[in-house]
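J.: Need a 3D model of the following:
(one chain, ligands or ions: 1)
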Amino acid sequence: MFNTRVTRMLGIKYPIVGGTMASISNADFTAAISEAGGIGVMNSIMYQTRDDFAAALDRVKKLTDRPFAVNLNFFPAQFPVSQSEYTEIMGQKGVRVVETSGHTTPPPELCRRFKELGMTWIHKCAGPRYAVKAESLGADMVTVVGYENGGAVGQLEMGTLVMVPTTAGRLKVPLIGGGGVVDGRSMLAVLALGAEGVIMGTRLLVTQESPLHPTLKQALLAATELDTKVIMRTVGAHRVWVNGAARKCAEIEAAGANFEEVLNLVSGENSRRTYYEGELDRGIVPCSQGIGQVHDVPTLKQLFEGMIRQASEIVAGLAGS
Ligand SMILES: Cc1cc2nc3c(=O)[nH]c(=O)nc-3n(C[C@H](O)[C@H](O)[C@H](O)COP(=O)(O)O)c2cc1C
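T.: Sure thing, here's the model as predicted:
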């Protein structure tokens with residue numbers, strides 16, 4: 001039933017993309033998402049040297065025969081390895097799917113290089129006009145995420161219910177939609193709005209395979225739809241879980257903190273302490289409003305199968321009504 005251009009072009013069982021997550025989407029988690037029938041998207045900037053990055057790609061390939069993708073990030077930041085170097089390594093390792101995300105589309109020469117290397121290129125953005133631009137540069141698929149989503153929310157502040165159909169109506173290439181997808185209901189809704197696949201980030205944090213510290217998983221399980229907040233408007237607005245670091249960030253931004261002060265607070269190192277040491281208030285945790293509907297810690301396989309089952313039951317119920 002959920003056989004779409006996205007599942008066919010990517011060669012995956014379910015139309016589910018495991019959204020890349022900095023410091024979280026390592027080789028093992030990426031492979032686990034692909035093994036469960038979706039497509040994992042490994043986060044490249046977690047790998048600070050060419051050798052580490054190459055070794056991570058080898059590890060994904062060792063753990064799964066199934067398709068996986070690699071994210072290249074175009075948020076303004078300093079990267080230890082350039083995107084073109086990452087791309088060449090991906091080419092050498094036979095990576096078939098590249099996802100780009102960030103404030104801008106990649107430079108045209110890199111877009112051409114993806115094609116020369118035979119990669120399927122997915123660009124992720126937060127607005128219909130950026131999606132159209134990516135298509136014009138040759139993207140094979142585009143992902144859009146609405147304002148509910150965990151992580152970067154974009155400047156348009158457009159919710160998923162408007163973002164997805166507006167974008168779908170403007171594209172010829174397949175669209176992947178997300179922002180608040182946590183179960184079969186929200187997956188089906190996004191597909192009904194014109195997407196041919198969904199992207200999920202936040203929901204995957206609270207799964208058996210997620211590498212997060214158990215204390216953080218428990219805290220996220222207890223979170224409600226009111227426990228997220230958009231912060232970092234000065235450096236690129238992000239929706240995050242409301243903890244000590246998020247409150248502090250909102251406070252210093254309101255007081256006129258400069259770029260460096262905000263960046264220091266939201267540094268990856270602080271987030272890693274929260275993710276892996278369970279220091280709940282230390283760093284920011286990107287998080288969707290959908291977190292309020294997360295009540296269990298399934299395996300990825302249980303999660304995806306349950307979503308497909310729930311969505312199928314809804315379709316059958318609606319058809320019979
Ligand atoms: C903890 C976390 C970290 C994320 N880090 C990144 C990132 O580094 N790069 C990126 O493009 N998107 C990042 N995202 C966004 C996800 O890839 C995905 O687009 C988003 O989570 C989908 O919305 P949802 O959270 O409502 O499911 C992150 C999301 C979360 C929850």
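
J.: How about the residues of this structure by the ligand?
T.: Contact residues (CB under 6 Å from any ligand atom) of the chain with the ligand: 19-22, 24, 43, 71, 73, 101, 124, 145, 148-151, 178-181, 199-203, 285-288, 290. For the C-beta atoms, the positions are set from N, CA and C on the backbone; glycine is no exception.

J.: Filter those residues down to the ones in strands?
T.: Of these, the ones assigned to strands by DSSP state E are Asn43, Asn71, Asn73, Ser101, Lys124, Val145, Gly151, Gly178, Ile199, Met200.

J.: Bridge partners for the second one, pull those for me.
T.: With beta bridges defined as DSSP bridges, Asn71 has these partners: Asn43, Glu99.

J.: And the helix or strand containing Thr215, what's buried?
T.: Thr215 belongs to helix 214-222 when elements are defined using DSSP states H and E. For helix 214-222, the neighbour count (16 or more other CB atoms under 10 Å) marks Leu216, Lys217, Ala219, Leu220 as buried.

J.: Tabulate these (TSV), appending pLDDT.
T.: Below are those laid out as TSV (pLDDT from 0 to 100):
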residue	pLDDT
Leu216	98
Lys217	98
Ala219	98
Leu220	98
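
J.: Which of those residues sits closest to Leu280?
T.: Using CB to CB, Ala219 is the member of those that sits closest to Leu280, with 5.6 Å.

J.: Double-check the closest one against Glu279; I have them as touching.
T.: No: applying CB atoms under 8 Å, one finds Ala219 not in contact with Glu279, separated by 11.1 Å.

J.: State the pair within the ones in strands among the residues of the chain next to the ligand that is farthest apart.
T.: The widest separation within these (CB to CB) is 18.5 Å, between Asn73 and Met200.

J.: With neighbour numbers in mind, choose between those two.
T.: Met200 (29 against 20; other CB atoms under 10 Å).

J.: Next, work out how far apart the more buried one and Gln48 are.
T.: For Met200, the distance to Gln48 (CB to CB, to the nearest Å) stands at 27 Å.

J.: residue contacts, the nearest residue to Thr166 once chain neighbours are set aside?
T.: Computed as CB to CB, 6 or more residues apart in numbering, the closest residue to Thr166 that is not its neighbour in sequence is Pro128, at 4.8 Å. Neighbouring residues of Pro128 by CB atoms under 8 Å, 6 or more residues apart in numbering: Val144, Met163, Thr166, Thr167, Arg170.

J.: Identify the farthest-apart pair in the residues you listed.
T.: Farthest pair in the contacts of Pro128, by CB to CB: Met163 and Arg170, 11.3 Å.

J.: any idea which element the closest residue to Leu117 other than its chain neighbours lies in?
T.: The shortest distance from Leu117 to any residue other than its chain neighbours is 4.1 Å, reached at Gly91 (CB to CB, 6+ apart). Taking DSSP H and E as the criterion, Gly91 maps to helix 83-92.

J.: next one: that helix to chain centre, how far?
T.: 21 Å (CA atoms, centre = their mean, to the nearest Å).

J.: do the same with stretch 151-168
T.: The mean C-alpha position of stretch 151-168 is separated from the chain mean by 14 Å, CA atoms, centre = their mean.

J.: got it, and stretch 203-221?
T.: Using CA atoms, centre = their mean, the offset of stretch 203-221 from its chain centre is 16 Å.

J.: give me every residue that touches Glu85.
T.: Glu85 touches Arg50, counting by CB under 8 Å, 6+ apart.

J.: separation between it and Gly138?
T.: Distance, Glu85 to Gly138, by CB to CB: 21 Å.

J.: What about Glu253, how many residues nearby?
T.: Look at Glu253: counted by other CB under 10 Å, it has 18 neighbours.

J.: Also Gly320?
T.: 6.

J.: do Gly244 as well
T.: Around Gly244 there are 14 residues (other CB under 10 Å).

J.: hmm, back to that, send the alpha carbons of the helix holding Thr215 over as CSV?
T.: C-alpha atoms of helix 214-222 as CSV (Å, rounded to 0.1, in the frame of the first residue of the first chain):
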residue,chain,number,x,y,z
PRO,A,214,18.4,6.1,29.5
THR,A,215,17.8,9.1,31.8
LEU,A,216,17.2,11.4,28.8
LYS,A,217,14.9,8.8,27.1
GLN,A,218,12.8,8.7,30.3
ALA,A,219,12.7,12.5,30.5
LEU,A,220,11.6,12.7,26.9
LEU,A,221,8.9,10.1,27.5
ALA,A,222,7.5,12.3,30.2
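
J.: Show me this structure divided up by domain.
T.: 5-211+296-319, 228-286 (automatic domain parsing).
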